[in-house]
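Participant: missing the sequence, but the structure's below:
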(Lines give C-alpha, C1' and ligand atoms only; values in the text may rest on other atoms or scores of the structure.)
Protein backbone atom coordinates (compact mmCIF):
# COMPACT_ATOMS: atom_id res chain seq x y z
CA UNK A 1 0.00 0.00 0.00
CA UNK A 2 1.37 3.37 -1.02
CA UNK A 3 1.00 6.15 1.55
CA UNK A 4 -0.19 9.63 0.69
CA UNK A 5 -0.24 13.06 2.27
CA UNK A 6 -3.31 14.67 3.81
CA UNK A 7 -4.14 18.07 5.28
CA UNK A 8 -5.28 19.19 8.71
CA UNK A 9 -6.75 22.59 8.05
CA UNK A 10 -4.01 24.57 6.32
CA UNK A 11 -1.24 22.18 7.43
CA UNK A 12 -0.09 19.51 4.99
CA UNK A 13 1.04 16.22 6.54
CA UNK A 14 3.47 14.71 4.03
CA UNK A 15 3.63 11.26 5.64
CA UNK A 16 0.61 9.68 7.42
CA UNK A 17 2.61 8.04 10.23
CA UNK A 18 2.39 10.32 13.27
CA UNK A 19 4.01 10.43 16.71
CA UNK A 20 1.22 10.29 19.32
CA UNK A 21 1.35 12.44 22.46
CA UNK A 22 2.90 10.55 25.39
CA UNK A 23 3.26 12.12 28.83
CA UNK A 24 6.86 12.00 29.98
CA UNK A 25 8.24 11.02 26.58
CA UNK A 26 7.29 13.14 23.58
CA UNK A 27 9.53 16.05 24.52
CA UNK A 28 11.41 18.19 22.01
CA UNK A 29 14.48 15.92 21.52
CA UNK A 30 12.39 12.79 20.95
CA UNK A 31 10.01 14.61 18.60
CA UNK A 32 12.91 15.81 16.45
CA UNK A 33 14.34 12.29 16.40
CA UNK A 34 11.04 10.80 15.23
CA UNK A 35 10.76 13.52 12.60
CA UNK A 36 14.23 12.59 11.33
CA UNK A 37 13.09 8.98 10.96
CA UNK A 38 10.07 9.97 8.91
CA UNK A 39 7.16 10.96 11.18
CA UNK A 40 4.86 13.26 9.23
CA UNK A 41 3.55 15.04 12.33
CA UNK A 42 4.66 15.00 15.96
CA UNK A 43 2.60 15.70 19.09
CA UNK A 44 3.85 17.16 22.37
CA UNK A 45 3.21 15.80 25.82
CA UNK A 46 -0.08 17.04 27.23
CA UNK A 47 0.22 20.58 28.62
CA UNK A 48 -1.97 21.95 31.40
CA UNK A 49 -4.10 24.90 30.31
CA UNK A 50 -3.84 26.27 33.86
CA UNK A 51 -0.06 26.02 33.89
CA UNK A 52 0.09 27.82 30.56
CA UNK A 53 -2.26 30.62 31.61
CA UNK A 54 -0.38 31.07 34.89
CA UNK A 55 2.91 31.11 32.95
CA UNK A 56 4.46 28.42 35.11
CA UNK A 57 8.10 27.87 34.05
CA UNK A 58 7.82 24.07 33.89
CA UNK A 59 4.78 24.30 31.65
CA UNK A 60 6.34 26.94 29.43
CA UNK A 61 9.38 24.70 28.96
CA UNK A 62 7.08 22.00 27.62
CA UNK A 63 5.90 24.32 24.84
CA UNK A 64 9.40 24.79 23.36
CA UNK A 65 9.56 23.84 19.69
CA UNK A 66 12.11 23.80 16.88
CA UNK A 67 11.87 24.33 13.12
CA UNK A 68 13.45 20.88 12.83
CA UNK A 69 10.20 19.22 13.93
CA UNK A 70 7.68 21.11 11.81
CA UNK A 71 4.81 20.41 11.62
CA UNK A 72 4.29 20.02 15.36
CA UNK A 73 1.08 19.84 17.41
CA UNK A 74 0.88 20.93 21.04
CA UNK A 75 -1.67 19.09 23.16
CA UNK A 76 -3.70 20.96 25.78
CA UNK A 77 -5.72 19.39 28.57
CA UNK A 78 -8.29 20.91 30.89
CA UNK A 79 -12.01 20.99 31.61
CA UNK A 80 -12.84 24.71 31.73
CA UNK A 81 -13.78 26.26 28.38
CA UNK A 82 -12.65 29.79 29.23
CA UNK A 83 -9.24 28.68 30.51
CA UNK A 84 -8.74 26.36 27.54
CA UNK A 85 -9.62 29.25 25.24
CA UNK A 86 -7.16 31.52 27.01
CA UNK A 87 -4.44 28.89 26.73
CA UNK A 88 -5.16 28.53 23.00
CA UNK A 89 -4.80 32.30 22.60
CA UNK A 90 -1.35 32.10 24.21
CA UNK A 91 -0.33 29.29 21.85
CA UNK A 92 -1.62 31.35 18.94
CA UNK A 93 1.54 33.42 19.33
CA UNK A 94 3.87 30.41 19.61
CA UNK A 95 5.65 28.41 16.89
CA UNK A 96 3.24 25.48 16.89
CA UNK A 97 1.37 24.39 13.79
CA UNK A 98 -1.63 22.60 15.34
CA UNK A 99 -3.35 22.68 18.73
CA UNK A 100 -4.74 19.40 20.04
CA UNK A 101 -7.33 18.95 22.77
CA UNK A 102 -6.88 15.90 24.98
CA UNK A 103 -10.19 14.11 25.44
CA UNK A 104 -8.71 10.63 25.68
CA UNK A 105 -6.28 10.45 28.59
CA UNK A 106 -7.37 7.67 31.00
CA UNK A 107 -5.14 8.65 33.95
CA UNK A 108 -7.22 9.04 37.11
CA UNK A 109 -5.70 12.32 38.28
CA UNK A 110 -6.76 13.83 34.94
CA UNK A 111 -10.18 12.19 35.05
CA UNK A 112 -10.82 13.55 38.57
CA UNK A 113 -10.49 17.06 37.17
CA UNK A 114 -13.13 16.33 34.53
CA UNK A 115 -10.54 16.38 31.74
CA UNK A 116 -9.19 13.71 29.39
CA UNK A 117 -11.51 10.76 28.76
CA UNK A 118 -13.97 12.13 31.30
CA UNK A 119 -15.09 14.69 28.71
CA UNK A 120 -16.58 11.88 26.64
CA UNK A 121 -19.23 11.63 29.37
CA UNK A 122 -19.99 15.36 29.13
CA UNK A 123 -20.33 16.10 25.40
CA UNK A 124 -21.93 19.51 25.94
CA UNK A 125 -18.95 20.63 28.00
CA UNK A 126 -16.62 19.09 25.44
CA UNK A 127 -18.34 21.07 22.69
CA UNK A 128 -17.93 24.30 24.68
CA UNK A 129 -14.22 23.59 25.11
CA UNK A 130 -13.68 22.90 21.41
CA UNK A 131 -15.61 26.01 20.40
CA UNK A 132 -13.60 28.22 22.78
CA UNK A 133 -10.28 26.82 21.58
CA UNK A 134 -11.31 27.27 17.93
CA UNK A 135 -12.54 30.80 18.65
CA UNK A 136 -9.23 31.84 20.22
CA UNK A 137 -6.85 30.44 17.60
CA UNK A 138 -6.47 30.53 13.85
CA UNK A 139 -4.40 27.32 13.97
CA UNK A 140 -6.06 24.02 13.07
CA UNK A 141 -7.55 22.25 16.09
CA UNK A 142 -7.48 18.48 16.51
CA UNK A 143 -9.21 16.41 19.20
CA UNK A 144 -7.93 13.09 20.55
CA UNK A 145 -10.61 10.77 21.91
CA UNK A 146 -11.29 7.13 22.79
CA UNK A 147 -14.02 4.82 21.55
CA UNK A 148 -16.11 5.67 24.61
CA UNK A 149 -16.18 5.57 28.38
CA UNK A 150 -16.84 1.82 28.56
CA UNK A 151 -18.07 -0.96 26.32
CA UNK A 152 -21.70 -0.08 27.09
CA UNK A 153 -21.17 3.45 25.77
CA UNK A 154 -19.26 3.40 22.48
CA UNK A 155 -19.96 7.03 21.66
CA UNK A 156 -16.99 7.93 19.46
CA UNK A 157 -18.92 8.25 16.14
CA UNK A 158 -21.41 10.81 17.45
CA UNK A 159 -18.84 12.49 19.72
CA UNK A 160 -16.44 12.93 16.79
CA UNK A 161 -19.26 14.35 14.66
CA UNK A 162 -19.97 16.87 17.42
CA UNK A 163 -16.28 17.84 17.46
CA UNK A 164 -16.32 18.37 13.70
CA UNK A 165 -19.42 20.56 13.97
CA UNK A 166 -17.75 22.54 16.78
CA UNK A 167 -14.84 23.39 14.48
CA UNK A 168 -12.24 20.63 14.85
CA UNK A 169 -10.04 20.13 11.79
CA UNK A 170 -9.22 16.47 12.51
CA UNK A 171 -9.92 13.68 14.99
CA UNK A 172 -7.52 11.14 16.48
CA UNK A 173 -9.10 8.08 18.05
CA UNK A 174 -7.45 5.57 20.37
CA UNK A 175 -9.34 2.35 19.72
CA UNK A 176 -9.98 1.58 23.40
CA UNK A 177 -12.46 2.76 26.01
CA UNK A 178 -11.50 4.53 29.23
CA UNK A 179 -12.10 1.32 31.18
CA UNK A 180 -9.60 -0.48 28.95
CA UNK A 181 -6.77 1.85 29.88
CA UNK A 182 -3.76 0.86 27.80
CA UNK A 183 -4.21 -2.91 28.00
CA UNK A 184 -7.71 -3.73 26.82
CA UNK A 185 -8.38 -5.16 23.39
CA UNK A 186 -8.46 -2.58 20.61
CA UNK A 187 -11.56 -2.23 18.43
CA UNK A 188 -10.52 -0.83 15.07
CA UNK A 189 -14.06 -1.10 13.74
CA UNK A 190 -14.92 2.04 15.70
CA UNK A 191 -12.19 3.94 13.84
CA UNK A 192 -13.89 2.95 10.59
CA UNK A 193 -17.26 4.09 11.93
CA UNK A 194 -15.78 7.45 12.87
CA UNK A 195 -14.10 7.83 9.49
CA UNK A 196 -17.32 6.95 7.66
CA UNK A 197 -19.19 9.55 9.73
CA UNK A 198 -16.88 12.55 9.17
CA UNK A 199 -15.60 14.77 6.37
CA UNK A 200 -12.46 15.87 8.29
CA UNK A 201 -9.35 13.64 8.55
CA UNK A 202 -9.28 10.81 11.08
CA UNK A 203 -6.11 9.39 12.66
CA UNK A 204 -6.19 5.88 14.12
CA UNK A 205 -4.27 4.92 17.26
CA UNK A 206 -3.78 1.86 19.45
CA UNK A 207 -1.51 -1.22 19.43
CA UNK A 208 0.38 -0.44 16.23
CA UNK A 209 3.80 -2.08 16.66
CA UNK A 210 5.21 -2.07 13.12
CA UNK A 211 5.04 -0.01 9.95
CA UNK A 212 3.16 -2.81 8.19
CA UNK A 213 0.54 -2.91 10.94
CA UNK A 214 0.01 0.82 10.40
CA UNK A 215 -0.53 0.27 6.70
CA UNK A 216 -3.03 -2.47 7.50
CA UNK A 217 -4.94 -0.17 9.85
CA UNK A 218 -5.25 2.43 7.11
CA UNK A 219 -6.37 -0.18 4.60
CA UNK A 220 -9.07 -1.70 6.83
CA UNK A 221 -10.48 1.49 8.39
CA UNK A 222 -9.86 4.11 5.72
CA UNK A 223 -8.24 6.40 8.30
CA UNK A 224 -6.04 9.16 6.92
CA UNK A 225 -3.17 8.77 9.37
CA UNK A 226 -1.72 6.37 11.93
CA UNK A 227 -0.69 7.54 15.39
CA UNK A 228 2.07 5.56 17.09
CA UNK A 229 2.95 6.12 20.72
CA UNK A 230 4.47 3.50 23.00
CA UNK A 231 5.84 1.41 20.12
CA UNK A 232 7.99 4.38 19.06
CA UNK A 233 9.81 4.54 22.39
CA UNK A 234 13.36 3.37 21.79
CA UNK A 235 12.32 2.61 18.19
CA UNK A 236 11.87 5.84 16.21
CA UNK A 237 12.57 3.84 13.04
CA UNK A 238 8.98 2.62 13.20
CA UNK A 239 8.11 5.69 11.12
CA UNK A 240 10.34 4.53 8.26
CA UNK A 241 9.25 1.96 5.69
CA UNK A 242 12.68 0.48 5.00
CA UNK A 243 13.79 -0.87 8.39
CA UNK A 244 13.62 -4.43 9.67
CA UNK A 245 11.34 -5.04 12.64
CA UNK A 246 14.39 -5.96 14.75
CA UNK A 247 17.25 -3.65 13.71
CA UNK A 248 20.84 -4.55 14.47
CA UNK A 249 22.68 -3.39 17.56
CA UNK A 250 24.69 -1.01 15.39
CA UNK A 251 21.50 0.55 14.04
CA UNK A 252 20.12 0.96 17.57
CA UNK A 253 23.36 2.52 18.81
CA UNK A 254 23.20 5.10 16.05
CA UNK A 255 19.65 6.05 17.05
CA UNK A 256 20.47 6.21 20.77
CA UNK A 257 23.54 8.38 20.11
CA UNK A 258 21.45 10.78 18.09
CA UNK A 259 18.88 10.91 20.87
CA UNK A 260 21.58 11.81 23.38
CA UNK A 261 22.93 14.50 21.05
CA UNK A 262 19.50 16.10 20.87
CA UNK A 263 19.00 15.83 24.63
CA UNK A 264 22.34 17.58 25.22
CA UNK A 265 21.29 20.37 22.87
CA UNK A 266 17.85 21.05 24.27
CA UNK A 267 17.63 19.91 27.90
CA UNK A 268 19.38 20.36 31.27
CA UNK A 269 20.82 16.87 31.15
CA UNK A 270 22.10 16.45 34.70
CA UNK A 271 18.75 17.47 36.20
CA UNK A 272 16.93 14.96 33.99
CA UNK A 273 19.38 12.06 34.14
CA UNK A 274 16.86 9.50 35.43
CA UNK A 275 14.43 10.20 32.61
CA UNK A 276 17.21 10.17 30.01
CA UNK A 277 18.55 6.82 31.23
CA UNK A 278 15.06 5.33 31.21
CA UNK A 279 14.53 6.48 27.65
CA UNK A 280 17.98 5.41 26.44
CA UNK A 281 17.58 1.90 27.83
CA UNK A 282 14.55 1.31 25.61
CA UNK A 283 16.75 1.29 22.49
CA UNK A 284 18.18 -2.05 23.56
CA UNK A 285 15.05 -4.10 24.16
CA UNK A 286 15.04 -7.31 22.18
CA UNK A 287 18.77 -7.49 21.40
CA UNK A 288 21.36 -9.98 22.62
CA UNK A 289 22.70 -8.87 26.02
CA UNK A 290 20.10 -6.09 26.05
CA UNK A 291 19.34 -6.64 29.72
CA UNK A 292 22.98 -6.16 30.76
CA UNK A 293 23.25 -3.07 28.57
CA UNK A 294 20.19 -1.56 30.22
CA UNK A 295 21.55 -2.35 33.67
CA UNK A 296 24.81 -0.63 32.77
CA UNK A 297 22.90 2.40 31.50
CA UNK A 298 20.96 2.69 34.75
CA UNK A 299 24.20 2.45 36.72
CA UNK A 300 25.67 5.61 35.15
CA UNK A 301 25.71 8.52 37.59
CA UNK A 302 26.26 11.34 35.10
CA UNK A 303 25.19 12.27 31.58
CA UNK A 304 28.82 12.30 30.47
CA UNK A 305 29.27 8.80 31.83
CA UNK A 306 26.15 7.65 29.99
CA UNK A 307 27.40 9.06 26.68
CA UNK A 308 30.82 7.48 27.20
CA UNK A 309 29.26 4.10 27.89
CA UNK A 310 27.10 4.23 24.73
CA UNK A 311 30.16 5.23 22.70
CA UNK A 312 32.09 2.29 24.15
CA UNK A 313 29.56 -0.12 22.64
CA UNK A 314 30.31 0.89 19.04
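Facilitator: Here it is on my side, so go on. Please read all numbers here as calculations on a predicted model, not as lab measurements.

Participant: how about the strands in this structure?
Facilitator: Ranges of strands in the chain, per DSSP state E, are 6-8, 11-13, 17-19, 41-48, 72-77, 98-102, 141-148, 170-177, 202-205, 225-228.

Participant: I'd like those written out as TSV, with mean pLDDT and mean neighbour count added.
Facilitator: All C-beta atoms are positioned from the backbone trio N, CA, C, and that covers glycine. What follows is the strands of the chain, written out as TSV (pLDDT from 0 to 100; neighbours: other C-beta atoms under 10 Å):
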stretch	mean pLDDT	mean neighbour count
strand 6-8	97	20
strand 11-13	97	18
strand 17-19	98	28
strand 41-48	97	25
strand 72-77	98	25
strand 98-102	98	26
strand 141-148	97	27
strand 170-177	96	27
strand 202-205	97	27
strand 225-228	97	26
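
Participant: can you redo the ones you listed as JSON lines with distance to residue 248?
Facilitator: Shown next, in JSON lines, are these (distance: least, C-beta to C-beta, whole Å):
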{"stretch": "strand 6-8", "distance to residue 248": "33"}
{"stretch": "strand 11-13", "distance to residue 248": "30"}
{"stretch": "strand 17-19", "distance to residue 248": "22"}
{"stretch": "strand 41-48", "distance to residue 248": "25"}
{"stretch": "strand 72-77", "distance to residue 248": "30"}
{"stretch": "strand 98-102", "distance to residue 248": "35"}
{"stretch": "strand 141-148", "distance to residue 248": "34"}
{"stretch": "strand 170-177", "distance to residue 248": "32"}
{"stretch": "strand 202-205", "distance to residue 248": "29"}
{"stretch": "strand 225-228", "distance to residue 248": "21"}
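
Participant: do you know which of those strands lies nearest residue 61?
Facilitator: Of all these, the one in closest proximity to residue 61, counting by C-beta to C-beta, is strand 41-48 (10.0 Å).

Participant: So what's the gap between the closest one and the chain middle?
Facilitator: 6 Å (C-alpha atoms, centre = their mean, to the nearest Å).

Participant: Tell me where the model's unsure across the stretch 1-150 of the chain.
Facilitator: 1 (pLDDT under 70).

Participant: show me where it has helices.
Facilitator: With DSSP state H, counting those that start in this stretch as the criterion, the stretch 1-150 of the chain has helices at 28-36, 49-53, 57-62, 81-92, 108-111, 123-135.

Participant: just checking, which of the ones you listed sits deepest inside the structure?
Facilitator: Looking across the helices of the stretch 1-150 of the chain with neighbours counted as mean count of other C-beta atoms under 10 Å, the highest average goes to helix 28-36: a mean of 23.

Participant: Measure how that helix sits relative to strand 72-77, angle-wise.
Facilitator: Note on geometry: by axes from the mean of the first three to the mean of the last three C-alpha atoms, to 10 degrees, helix 28-36 and strand 72-77 are set 130 degrees apart in direction.

Participant: Give me the contacts around helix 28-36.
Facilitator: 19, 42-44, 64-66, 68-69, 72, 232, 236, 239, 255, 258-259, 262-263, 265-267, 279 (C-beta atoms under 8 Å, 6 or more residues apart in numbering).
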